Structure formats: structure tokens, C-alpha cells
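> my questions concern the predicted model and sequence given below.
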Amino acid sequence: MSTIPEPEQARPWRPEDGPRPEVWTWPNVDRPSLEVWSAGAWRSAPVMARQNWVDGSVRYQVEVDLRGDTAVTIHTYKWPQPGLRKGHASGSEPSRTVDNRRHGETRRA
């Protein structure tokens, strides 16, 4: 039996936290990933966004199947914590701009 605790989800940003976090995204086809400890296994979690908060903390918004039953949900976690570890890196540079191509939009003929 593992002693790794499951990670705690981060609460959303609130105005009293100061300025809104700086948000970075990657192209949908080349996102980095984290691994999330859940239900006794490490689960791959592609990163949707990285949030850099004004207090210096970092949060990652990920898509993850926490139970291993193909039910993928979106969760945000403060980094670091024991139930999270690096998955794989992206070969693409992150961006702060809004670009629909980065979110999987397909071109129409």
C-alpha cells in the first residue's frame, strides 16, 4: 500500500487574491503532462494551462481520468505536492495569446 497522498485540488482565483494569474497554454496537439496519484495509480494528465499567481505559486489545469474508467475530468492543482509529478514535456513554446488553433479547432474545406 502506498503512502503517497492524493493531491488536493486548488481553489479558483478570487479578486482578493490580487491581480489575475498569468495563464500559459500550449498547442492542443503538443501539451506537456503531469502524472496524478489517484486510486492507487499514477494517472497521465495532459496540461490545459499553467497559472502563475502573483504570490509566486503555480497551478496546473489538467484533464485526468482519476479512477481509470475513462471518465476524464478537468482539475486544477497547486504545484508542487507529493501526489503530482512531471509527466512529459512539450516540444512547443507556451503562449499567453488567444489562438483557436491552439485549442484543436479544425479548418473547414
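Noted; the coordinates are in hand.

> how close does the closest residue to S33 other than its chain neighbours get to P7?
Spatially, and ignoring its direct neighbours in sequence, S33 is nearest to G87 (3.3 Å; C-beta to C-beta, 6 or more residues apart in numbering). The way it works is simple: take the backbone N, C-alpha and C, and place the C-beta from them, glycine included. To P7, G87 is 13 Å away according to C-beta to C-beta, to the nearest Å.

> between those two, which is the more surrounded one?
P7 (22 against 18; other C-beta atoms under 10 Å).

> quick one: residues contacting the more buried one.
Contacts for P7 (C-beta atoms under 8 Å, 6 or more residues apart in numbering) come out as V36, W37, Y77, Q81, P82, G83, L84.

> how about it: what's its closest non-neighbour residue?
Nearest non-adjacent residue to P7, counting by C-beta to C-beta, 6+ apart: G83, 3.5 Å away.

> over to R31?
Among residues not flanking R31 along the chain, P46 sits closest, at 4.7 Å (C-beta to C-beta, 6+ apart).

> tell me how far the one you found lies from T25.
12 Å.

> same check on S95?
Separation of S95 from T25 (C-beta to C-beta): 6 Å.

> more crowded one of these two?
T25 (20 against 13).

> was I right to think that one contacts E93?
No: the pair T25 / E93 is not scored as a contact, 10.7 Å apart, by C-beta atoms under 8 Å.
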